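Visitor: can you look at this prediction? I've put the sequence above it.
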Amino acid sequence: MPIAVYVLGLSVFALGTSEFMLSGLLQPLARDMGVSIPQAGLLVSAFAVGMVVGAPVLAAATLRLPRRTTLIALLTVFGLGQIAGAVAPSYGLLFASRVISALACAGFWAVGASVAVSLVPVTARARAMAVMVGGLSIANIAGVPAGAFLGQHAGWRAAFWAVAALSAVGLVGVIALVPRTAPATGADAPSLRRELLIYRDRQVWLALVTTALNGGAVFALFSYLGPLLTETSGMAESWVPTVLGLFGVGALIGTAVGGRIADAHLFGTISGGITASTVVLALLALTAQWPVAAVTLSLLLGVTSFATAPALNARMFNVAGAAPTLAGATTTSAFNIGNTLGPWLGGLVIGAGWGYPAVAWTGAALAALAVGTTVVAVRIHRQTAPAAPTAQVSRIVASSDDSGSDAAGPAPEAAAAAGAVPAADTEAAPKAGCATG
């Protein structure tokens, strides 16, 4: 795995810490700002909304710009957004800083994902995405609990300052280690019109919906995990960082396992992981009053939910192979549609007086819907792959970096249709070449 992929994963660690750390800061932040817990939870949704909008818009706006330059600019804006949040005197300005940070985060993730997959062969896409998603997992293990710890002992603003420092470290890494590339020209130049054609494919929309539902299922609960532990399970607030860290440990385990098996068993990884998340969320709703059960199931939810992440990312790059930049942006938007939907629905059930266990039921319902969309995608894949026209094999993965080079080769599903690989659970194709940075 190229060192640049690990640098991108390190940067995602800073981004992920900012995105998720409010789960451990809701209570002190709400007290300081004089708002309710559901209102504080909207700051999670604000970040997610910025990600939803920012990913496709910034991916399109920077399509012809040098990838490395774009990453540097976006990471700089993100760091400045963290500083703005740290000094925000009011809830409204804090909300705005979250949106700005999210826009930069979304653009970085979309562009960074396209760079990461361009540096590896087609058959290693899930593993490359596992490195980047691993940055999120480590953020949950170390960043989120550390943010909660800082919030309890040095004030929630200290957590924002810490993330600003992390983003500076990531910025140095990108400048030093991500390859410098020149914009492609001529026929190899990125084309927004060509990339937009991916949205004609129903499999792209199914992948988007599945990713959104899966993200919503997890974050309906995760956004309110701190209050659930203290109010329902009866645990002391000082335990919240530890449990958040255990969720992160589970996420790292899930990411590692999912990244290893997803390239060979893509649909199996997606359906198995989401089904397991449905069961875990339902059990948590039933047993949240017992601290041991709540802690154990929080760990298991990290495993099951993040085991699907590399597969969901790789799935989108497979079905949108001719548009690597918008594929990354679409996955980012889909995940954060769920990250917006989950906390919003969780806030609704809490506001309705149904209690914190109801957010686990909400997550279980969303996960069950994601299982359904995965089943539909599998059926369509099995029905269309054998009969797909041979002409599809000529579809080439378009340039995803500035030099115009990429893992050029048939899209995995088209290759399977033409007999290059069996049309089965896996969409992985034989190694078609390795992109250069």
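Guide: Looks like it arrived, so ask away. Numbers count the residues shown, from 1 in each chain.
Visitor: only C-alpha atoms from now on, for both contacts and neighbour counts.
Guide: Will do.
Visitor: remind me which residues of the stretch 1-150 of the chain are low pLDDT?
Guide: Residue ranges of the stretch 1-150 of the chain with pLDDT under 70: 125, 137, 140.
Visitor: per-residue confidence averaged over stretch 337-351?
Guide: Averaged across stretch 337-351, pLDDT comes to 85.
Visitor: contacts for that stretch next, please.
Guide: 38, 41-42, 44-46, 48-49, 52, 211-221, 223-224, 355-356, 358-359, 362-363 (C-alpha atoms under 8 Å, 6 or more residues apart in numbering).
Visitor: quick one, which of those are buried?
Guide: With burial judged by 16 or more other C-alpha atoms under 10 Å, the buried subset of those is 38, 41-42, 44-46, 48-49, 52, 211-221, 223-224, 356, 358-359, 362-363.
Visitor: ok, Ile175 - contacts?
Guide: 68, 72.
Visitor: if we go to 7 Å?
Guide: The neighbourhood of Ile175, defined by C-alpha atoms under 7 Å, 6 or more residues apart in numbering, consists of Ile72.
Visitor: again with Leu43
Guide: The contact partners of Leu43, by C-alpha under 7 Å, 6+ apart, come to 95, 98.
Visitor: which strand or helix spans it?
Guide: Secondary structure assigned from DSSP states H and E places Leu43 in helix 37-61.
Visitor: where in the stretch 301-437 of the chain is pLDDT low?
Guide: Where the stretch 301-437 of the chain drops to pLDDT under 70, the residues are 320-325, 385-437.
Visitor: where do the helices of it begin and end?
Guide: For the stretch 301-437 of the chain, applying DSSP state H, counting those that start in this stretch gives helices covering 309-319, 324-351, 357-384, 412-417.
Visitor: and the angle from the helix holding Leu43 to helix 324-351?
Guide: Counting by axes from the mean of the first three to the mean of the last three C-alpha atoms, to 10 degrees, helix 37-61 lies at 170 degrees to helix 324-351.
Visitor: next SSE after helix 37-61?
Guide: helix 67-87.
Visitor: let me see the ranges of the strands in the stretch 51-200 of the chain.
Guide: Taking DSSP state E, counting those that start in this stretch as the criterion, the stretch 51-200 of the chain contains no strands.
Visitor: what segments of it are helices?
Guide: Under DSSP H, counting those that start in this stretch, the stretch 51-200 of the chain gives helices at 67-87, 91-118, 125-138, 144-153, 156-177, 192-196.
Visitor: tell me how many other residues crowd Ile261.
Guide: Applying other C-alpha atoms under 10 Å, we find 18 residues neighbouring Ile261.
Visitor: right, I mislabeled it, should have said Ala154
Guide: Neighbour tally, Ala154, other C-alpha under 10 Å: 12.
Visitor: that one and Leu312, how far apart?
Guide: 38 Å (C-alpha to C-alpha, to the nearest Å).
Visitor: the inter-axis angle of the strand or helix carrying Ala220 versus helix 309-319?
Guide: Under the criterion of DSSP H and E, Ala220 resides in helix 202-222. When the same axes, to 10 degrees is applied, the directions of helix 202-222 and helix 309-319 differ by 160 degrees.
Visitor: tell me the helix or strand right after helix 202-222.
Guide: helix 225-227.
Visitor: what's the next secondary structure element after that next one?
Guide: helix 240-261.
Visitor: now that following helix: mean pLDDT?
Guide: pLDDT averaged over helix 240-261 gives 83.
Visitor: now stretch 343-358, how far from the centre of its chain.
Guide: Stretch 343-358 sits 23 Å away from the centroid of its parent chain (C-alpha atoms, centre = their mean, to the nearest Å).
Visitor: any idea how far apart the tips of that stretch sit?
Guide: 12 Å.
Visitor: what sits closest to Trp205 if chain neighbours are left out?
Guide: Residue nearest to Trp205 in three dimensions, not counting chain neighbours: Tyr199, with 7.2 Å by C-alpha to C-alpha, 6 or more residues apart in numbering.
Visitor: same check, this time on Ala113
Guide: Gly328 (5.7 Å).
Visitor: what about the closest residue to Ala256 other than its chain neighbours, distance to Ala307?
Guide: Distance criterion C-alpha to C-alpha, 6+ apart; nearest residue to Ala256, sequence neighbours excluded, is Ala130 at 6.8 Å. Using C-alpha to C-alpha, Ala130 is found at 9 Å from Ala307.
Visitor: joint contacts of the two?
Guide: With C-alpha under 7 Å, 6+ apart, Ala130 and Ala307 have common neighbours Thr255.
Visitor: now find how far off-centre stretch 218-238 is within its chain.
Guide: Worked out by C-alpha atoms, centre = their mean, stretch 218-238 lies 22 Å from the chain centre.
Visitor: my bad, stretch 161-179
Guide: 19 Å.
Visitor: out of the helices of the stretch 301-437 of the chain, nearest to Thr275?
Guide: helix 357-384 (6.3 Å; C-alpha to C-alpha).
Visitor: which helices and strands sit right next to the closest one?
Guide: Judged by 3 or more C-alpha pairs under 7 Å, 6 or more residues apart in numbering; DSSP states H and E, helix 357-384 is in contact with helix 202-222, helix 266-287, helix 324-351.
Visitor: what's the neighbour count on Ile198?
Guide: Ile198: 20 surrounding residues under other C-alpha under 10 Å.
Visitor: hmm, I was thinking of Thr242
Guide: 19.
Visitor: nearest residue to it in space, please, no chain neighbours.
Guide: Pro145 is the one closest to Thr242 (C-alpha to C-alpha, 6+ apart), at 6.5 Å.
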